[in-house]
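Trainee: The following comprises the amino acid sequence and a computationally predicted model.
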Amino acid sequence: MFFWLIYRIYLTKVGKWRHDSELGRVKAPGRDGKETIHPHCKYEKTDSVPEYFFMDNKYQVIPVPFLDDNFAYIVVHVESKQYVLVDPADFDTVQAALEHYELSPATNAPRAILTTHKHWDHAGHNDRFVAAYPGIKIIGGPGENTLAVTKEVQDNEVVTELLDGGISIKVIHTPCHTGHHVMFLATAGEDQFMFTGDCIFQSGVGMFFEGTATQMHAILKRVTNEVSHSTSLFFGHDYGFKNICWA
């Protein structure tokens, strides 16, 4: 009972304040007065996090780590430099990544934000992107009540107009972690890649905050049947090591 009370409070503006406080914590000055960044929160190439992934030789998928284990993503059409953002809940870090990859955010606005669900560590800075880029599309699940959402997409809906080059993005409704969580399955040529949010992780699945084990079983069965085994998965958190240790 206490857990669910805390969760309900988290969904309010108190949770958003907590999210912003956590972002400040991982960037707080150290004892030497210099800004300290959590080891996870670096978007340059490391052994565990490649700088970017290529899809169909037309698109880059760039992971942007933030907080202790979150990932946002930038999907870039290489030729035109058009890009969309996925779960960019740390405005400053994502903007720094856009500058780092020479995407010129001051003059080259994101085409859209794809938001997998309403939790603040995935949607908490949508409002800042709206303020910085008036008219930007914020895409989220049906009835999810995602912050600043401008378009709610339905299960199996295919979005095709976001980027040049023929990429299509299919919506997969995955209610369990939250009531109307969605995953985004992108197809570019013969390549597929899926942004799983907090539904599926390396060696695990997301917590059932608003769903049941029966729902998760149905999701996994659907993904197994509908999604190619060669599909690249991009998770909302770096939980792999923790999940393997727990198992």
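Mentor: Structure's in. What do you need?

Trainee: The closest residue to residue 73 other than its chain neighbours: what's it in contact with?
Mentor: Nearest residue to residue 73, sequence neighbours excluded (Cβ to Cβ, 6 or more residues apart in numbering): residue 86, at 4.1 Å. Using the backbone N, CA and C atoms, a C-beta is placed for each residue, glycine as well. Residue 86 makes contact with 72-75, 113-116, 184, 195, 234 under the criterion Cβ atoms under 8 Å, 6 or more residues apart in numbering.

Trainee: Kindly give a single PyMOL line that selects the buried subset of those.
Mentor: With 16 or more other Cβ atoms under 10 Å as the criterion, this PyMOL line picks the buried residues out of those:
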select buried, resi 72+73+74+75+113+114+115+116+184+195+234
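
Trainee: Quick check: the gap between the spatially most central residue of the chain and residue 224.
Mentor: Centroid-nearest residue in the chain: residue 87, 3.1 Å away (criterion: Cα atoms, centre = their mean). Distance from residue 87 to residue 224, counting by Cβ to Cβ, to the nearest Å: 24 Å.

Trainee: Could you do residue 97 as well?
Mentor: According to Cβ to Cβ, residue 97 stands 33 Å off from residue 224.

Trainee: what's the answer for residue 213, then?
Mentor: 16 Å.

Trainee: swap in residue 9?
Mentor: Applying Cβ to Cβ to residue 9 and residue 224 gives a distance of 36 Å.

Trainee: So the two - more neighbours on which side?
Mentor: Between residue 9 and residue 224, counting by other Cβ atoms under 10 Å, residue 9 is the more crowded of the two (12 against 9).

Trainee: re earlier: wait, which of the contacts of residue 86 is closest to residue 58?
Mentor: Distance to residue 58, by Cβ to Cβ, is smallest for residue 75 among the contacts of residue 86, at 10.7 Å.

Trainee: and that closest one, backbone torsions?
Mentor: phi -110, psi 120 (degrees, to the nearest 10).

Trainee: Stretch 58-68: which residues count as buried?
Mentor: Neighbour count says stretch 58-68 has 58-67 buried, by 16+ other Cβ under 10 Å.

Trainee: Switch these over to CSV; also include pLDDT.
Mentor: Shown next, in CSV, are the buried residues of stretch 58-68 (pLDDT from 0 to 100):
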residue, pLDDT
58, 94
59, 95
60, 94
61, 95
62, 94
63, 93
64, 93
65, 93
66, 93
67, 93
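
Trainee: JSON lines for those, including secondary structure and distance to residue 143?
Mentor: Formatted as JSON lines, the buried residues of stretch 58-68 follow (DSSP: H, G, I helix; E, B strand; the rest coil; distance: Cβ to Cβ, whole Å):
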{"residue": "58", "secondary structure": "coil", "distance to residue 143": "33"}
{"residue": "59", "secondary structure": "strand", "distance to residue 143": "30"}
{"residue": "60", "secondary structure": "strand", "distance to residue 143": "32"}
{"residue": "61", "secondary structure": "strand", "distance to residue 143": "28"}
{"residue": "62", "secondary structure": "strand", "distance to residue 143": "30"}
{"residue": "63", "secondary structure": "strand", "distance to residue 143": "29"}
{"residue": "64", "secondary structure": "strand", "distance to residue 143": "28"}
{"residue": "65", "secondary structure": "strand", "distance to residue 143": "30"}
{"residue": "66", "secondary structure": "strand", "distance to residue 143": "27"}
{"residue": "67", "secondary structure": "coil", "distance to residue 143": "26"}
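
Trainee: Surely residue 170 is within a strand?
Mentor: Yes: the assignment for residue 170 is a strand, going by DSSP: H, G, I helix; E, B strand; the rest coil.

Trainee: in this protein, which spans are helices?
Mentor: Secondary structure of the chain (DSSP state H): helices located at 2-10, 13-26, 91-100, 120-123, 126-132, 213-226, 240-246.
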